[in-house]
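In: here is a sequence with its predicted model. Questions after.
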Amino acid sequence: MTTINDPAVVAEVTDLYLKYEEALCDNNLEVMDSLFWDAPEVVRFGITENLYGGDEIRNFRQNRPNPKIEREISNLKVVTFGKDAATVTLEFCRIINGVEHFGRQSQTWYKFTEGWKVASAHVSLLPV
């Protein structure tokens with residue numbers, strides 16, 4: 001039977017997600033890249049882009065017009081399945097061009113031999 005939300009695994013993935021959030025807001029490409037699975041199968045659906053594979057995700061991040069992201073996150077939820085799979089969901093608020101926007105984000109994490117990696121990610125804004 002699969003253990004749901006083993007406290008040690010939840011803590012480990014939560015810490016990794018918070019490391020990712022800090023890297024995202026600081027535009028730390030090295031840390032963000034290290035936490036995403038570097039494979040053709042990884043997917044990141046962003047606010048305005050659909051990215052397939054590690055190369056597309058890296059290229060997008062390197063060429064982002066506004067690399068620093070300031071946002072407040074809320075409702076961070078980490079759900080783990082056994083010791084090797086997890087989902088992370090959250091809501092966020094960002095000011096874009098002086099307008100407050102609310103959005104949501106989800107990630108699927110998997111623990112490979114080299115450690116936990118994001119295998120799929122989705123970010124979207126709610127209508128203003």
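Out: Perfect, thanks for sending it.

In: which residues are in contact with stretch 42-53?
Out: Outside of stretch 42-53, the residues within contact range by C-beta atoms under 8 Å, 6 or more residues apart in numbering are 36, 39-41, 54, 56-57, 60, 103, 117-125. Glycine gets a C-beta too; all of them are placed from N, C-alpha and C.

In: how about stretch 54-66?
Out: Under C-beta under 8 Å, 6+ apart, the answer for stretch 54-66 is 27, 29, 32-33, 36-40, 42, 44, 46, 49, 51, 67.

In: switch to 7 Å and redo it
Out: Contacts with stretch 54-66, where a contact means C-beta atoms under 7 Å, 6 or more residues apart in numbering, come from 29, 32-33, 36, 38-39, 42, 44, 49, 51.

In: so for that stretch, what's the average pLDDT?
Out: Confidence over stretch 54-66 (mean pLDDT, whole number) is 91.

In: so how far is that stretch off the chain centroid?
Out: Its chain's average C-alpha position is 14 Å from that of stretch 54-66, according to C-alpha atoms, centre = their mean, to the nearest Å.
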